[in-house]
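[1] sequence unknown, structure follows:
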């Protein structure tokens, strides 16, 4: 598309559709949307509307019609030279999203402008005395409708822009204000039409009609909203189920295939099964765990221990049983302890894995974090390791002591080695 | 798989059966009912522990849901029931609830050993509080399972490292004052024993470590089980769940 190539900002897009703009709008976003659609500066469109408004209020009608029929969107405006320094970015789903929405001075300006225009209009138009009397009620009605419509736009916008949620009361106030304005306007018309004496009966009649309609339509409405919410719930459930199914389908079937293919390799089969089991457990028993964010860096002790154990288990093919009591956030010292623990797990898996599963126990008690890693291998004597083998001395004992903790290695009576790591948590994270 | 994997079960019960039990030794015999809704799993367990001549375990009945389980258990009066936590019809807890009179029977009590893949603390603690004498995971080897069954038959508690972790965590809660001081608090010694179990120690090893007899270790574990089952802490389960233990 040559046109798209010429305009650096514009991505190739389908035939443009008219949307009202939600960004930087004054009233309903009609003018801005039109401007974007036609490729004109906004101010021109606005002037045209004002001009048309002078022509017996045609502009107002037109504006209202546009507002009513044209859906709210974000298209159109930004591709052209943006008339105001508006920051919009394209979010991941392709929608443009307003980045910083400042309280619009524009709206106040617009309001003042509208009042002025209305004054001029009222002054200019030669209305007979009777019609003129209806003007103010009409203005009330118009303002009320505008208020509520704009409100509806905001509610809609909030759904994808996620703004305005915090301002429930303001929303309510606006709605009530709009309704009051419209009521006042309509009552005004009635009052003007007949004598004020009829107002009571008219209101009564209106109320009766309203009650009647509510009674007739009420049950349907209630059922409809119930059905709607139920349907939404079902959809969410179905989605969740689909997600679980997709996950189980993918990973479990994948693993099963691999297991069938590696049937003669017992170690590989065991490793695959363990990894899959772990994955499923995370899925099933961790309420908000998705199992997908395994790449995320753990932020708590329990997560870190499990994470390390899983990695070592995968790498060395030795099952590691983890028991964690309590939990705490990771700080610098605890991170060092986790690294030492990981080293201990690697050692246990490498040298003690023949005897069976490696057992890891982590406990947070008060300010003390205790980790024990034990294997049931042949065991070894620290004194007998050559001095140049720094694995245990540096990675485990040295690391713990540098960070103010202690590490102990001891041989378990019936064979095997146990590494005990103890560390005090940093002061601030108590 | 070699013994040391779950030496917790192996060494402990071998030691326990010796001096403690008059009926111990090769001639021992236990009648077992399997309750699990997965037929394949029942078949597997049956194959592993069901050779009565070798293991001393006789599987006298199987059940796949709560109603069946209650019927079978009442009819056969086994000494030990291997009970799955997740069952159609209300789960293992429901079976325990409906079999409560049998558990208290003075002549021939029926004892329950929970056997589950579940990782959820609420499931595990739930069946233990319901009256089960222990909890083992389904990854346990046949040998260890047999030993655990005998240990339960003899009236001991069977704590896997994971269960010990759950219990430690549940009792570590200090936010609520204990309702019953005696029950709601673990003694220092009990905590130590539990910790060692959680670290994968066998009863015998714990005894050596703490310079006490295996019998004493057993009585500590039984005391913990009793506290767990009788404890007034209503929030025990909820609390453990909230912490999302391993």
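    Yes, it's here. Because the structure is a prediction, the values reported are computed rather than measured.
[2] quick check: next helix or strand after the longest helix belonging to chain A?
    Under DSSP state H, the helix in chain A containing the largest number of residues is helix A:197-247. Sequence order places helix A:253-261 as the next helix or strand after helix A:197-247, per DSSP states H and E.
[3] run the chain-centre distance for the helix or strand following that next one.
    Sequence-wise, the next helix or strand downstream of helix A:253-261 (DSSP H and E) is helix A:266-285. Mean-position distance between helix A:266-285 and its chain equals 31 Å (Cα atoms, centre = their mean, to the nearest Å).
[4] now helix A:266-285 against helix A:197-247, angle please.
    Interaxial angle, helix A:266-285 versus helix A:197-247 (axes from the mean of the first three to the mean of the last three Cα atoms, to 10 degrees): 170 degrees.
[5] does anything pack onto helix A:266-285? Which helices or strands?
    When contacts are defined as 3 or more Cβ pairs under 8 Å, 6 or more residues apart in numbering or on different chains; DSSP states H and E, helix A:266-285 packs onto helix A:253-261, helix A:301-316. Just so you know, the C-beta spots here come from the backbone N, C-alpha and C atoms, and that holds for glycine as well.
[6] please identify the deepest-packed of those.
    helix A:301-316 (a mean of 20; mean count of other Cβ atoms under 10 Å in any protein chain shown).
[7] about what we covered before: nearest to residue B:50, out of the helices and strands packed on helix A:266-285?
    Closest to residue B:50 of the helices and strands packed on helix A:266-285, according to Cβ to Cβ: helix A:253-261, at 26.3 Å.
[8] after the helix or strand that contains residue B:136 comes which helix or strand?
    Using DSSP H and E, residue B:136 sits in strand B:134-137. Remark: after strand B:134-137, the chain's next helix or strand is helix B:142-153, criterion DSSP H and E.
[9] neighbouring strands - and their directions - for the next helix or strand after that next one?
    Using DSSP H and E, the next helix or strand after helix B:142-153 towards the C-terminus is strand B:158-159. The pairing partners recorded for strand B:158-159 under DSSP bridges are strand B:134-137 (parallel).
[10] just the residues contacting the partner strand, thanks.
    Strand B:134-137 has contacts (Cβ atoms under 8 Å, 6 or more residues apart in numbering or on different chains) with B:9, B:113-117, B:124, B:127-128, B:144-145, B:148, B:151-152, B:156-160, B:162-163, B:225.
[11] what residues does the stretch 251-400 of chain A have near chain B?
    When proximity is defined as Cβ under 8 Å from any Cβ of the partner chain, the stretch 251-400 of chain A approaches chain B at A:281, A:284-287, A:302, A:306, A:321-327, A:355-357, A:359, A:361, A:363, A:365, A:372, A:374, A:376.
[12] neighbours around residue 57, how many?
    Using chain A here. Residue neighbour count, defined by other Cβ atoms under 10 Å in any protein chain shown, stands at 16 for residue A:57.
[13] meant chain B, my bad for not saying
    With other Cβ under 10 Å as criterion, residue B:57 counts 26.
[14] can you list phi and psi of it for me?
    Backbone geometry at residue B:57, expressed as degrees, to the nearest 10, gives phi -100, psi 130.
[15] skipping adjacent residues, who's closest to it in space?
    Leaving aside its sequence neighbours, residue B:57 sits nearest to residue B:49 (Cβ to Cβ, 6 or more residues apart in numbering or on different chains; 4.7 Å).
[16] enumerate every residue touching the one you found.
    B:32, B:55, B:57, B:59, B:142, B:145, B:146, B:149.
[17] for residue B:112, which non-adjacent residue is spatially closest?
    Nearest to residue B:112 is residue B:132, by Cβ to Cβ, 6+ apart, at 4.3 Å.
[18] next, the angle from the strand or helix carrying residue B:43 to helix B:142-153.
    Using DSSP H and E, residue B:43 falls within helix B:39-49. Counting by the same axes, to 10 degrees, helix B:39-49 lies at 90 degrees to helix B:142-153.
[19] tell me the mean pLDDT for the longest helix along chain B?
    Longest helix in chain B, counting residues (DSSP H): helix B:214-230. In this model, helix B:214-230 has a mean pLDDT of 86.
[20] which strands or helices does the longest helix of chain A pack on?
    Contact partners of helix A:197-247 among helices and strands, from 3+ Cβ pairs under 8 Å, 6+ apart: helix A:168-193.
[21] centre of the chain to the helix it packs on, how far?
    With Cα atoms, centre = their mean, you get 35 Å for helix A:168-193.
[22] before we move on, the earlier item: you'd agree the residue nearest to residue B:112 is in a helix?
    No. Under DSSP: H, G, I helix; E, B strand; the rest coil, residue B:132 sits outside any helix and is assigned coil.
[23] got the contact list for it?
    Counting by Cβ under 8 Å, 6+ apart, residue B:132 touches B:83, B:92, B:96, B:112, B:113, B:114.
[24] would you turn these into JSON lines with pLDDT?
    Putting those into JSON lines (pLDDT from 0 to 100) gives the following:
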{"residue": "B:83", "pLDDT": "91"}
{"residue": "B:92", "pLDDT": "86"}
{"residue": "B:96", "pLDDT": "89"}
{"residue": "B:112", "pLDDT": "92"}
{"residue": "B:113", "pLDDT": "92"}
{"residue": "B:114", "pLDDT": "91"}
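[25] so of these, which ones are in helices?
    B:92, B:96.
[26] dump the contacts of residue B:132 into JSON lines; add neighbour count and distance to residue A:313 as well.
    Converted to JSON lines, those look like this (neighbours: other Cβ atoms under 10 Å in any protein chain shown; distance: Cβ to Cβ, whole Å):
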{"residue": "B:83", "neighbour count": "28", "distance to residue A:313": "29"}
{"residue": "B:92", "neighbour count": "28", "distance to residue A:313": "29"}
{"residue": "B:96", "neighbour count": "24", "distance to residue A:313": "34"}
{"residue": "B:112", "neighbour count": "27", "distance to residue A:313": "32"}
{"residue": "B:113", "neighbour count": "23", "distance to residue A:313": "27"}
{"residue": "B:114", "neighbour count": "28", "distance to residue A:313": "25"}
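[27] give me the nearest residue to the residue nearest the centre of chain B, chain neighbours excluded.
    Closest to where the C-alpha atoms of chain B average out (Cα atoms, centre = their mean) is residue B:134, at 1.1 Å. Using Cβ to Cβ, 6+ apart and skipping the chain neighbours, the partner closest in space to residue B:134 is residue B:158 (2.8 Å).
[28] repeat for residue B:171
    Of all residues not flanking residue B:171 in the chain, residue B:186 sits nearest, at 5.0 Å (Cβ to Cβ, 6+ apart).
[29] between the helix or strand where residue A:360 lies and helix A:301-316, how many degrees?
    Under the criterion of DSSP H and E, residue A:360 resides in strand A:358-365. Using the same axes, to 10 degrees, one finds that strand A:358-365 and helix A:301-316 are set 170 degrees apart in direction.
[30] surely residue A:409 touches residue A:400?
    No. Using Cβ atoms under 8 Å, residue A:409 is not in contact with residue A:400; the gap is 11.1 Å.
[31] which of these two has more neighbours?
    It is residue A:400, of residue A:409 and residue A:400, that has more neighbours when counted by other Cβ under 10 Å, with 25 against 18.
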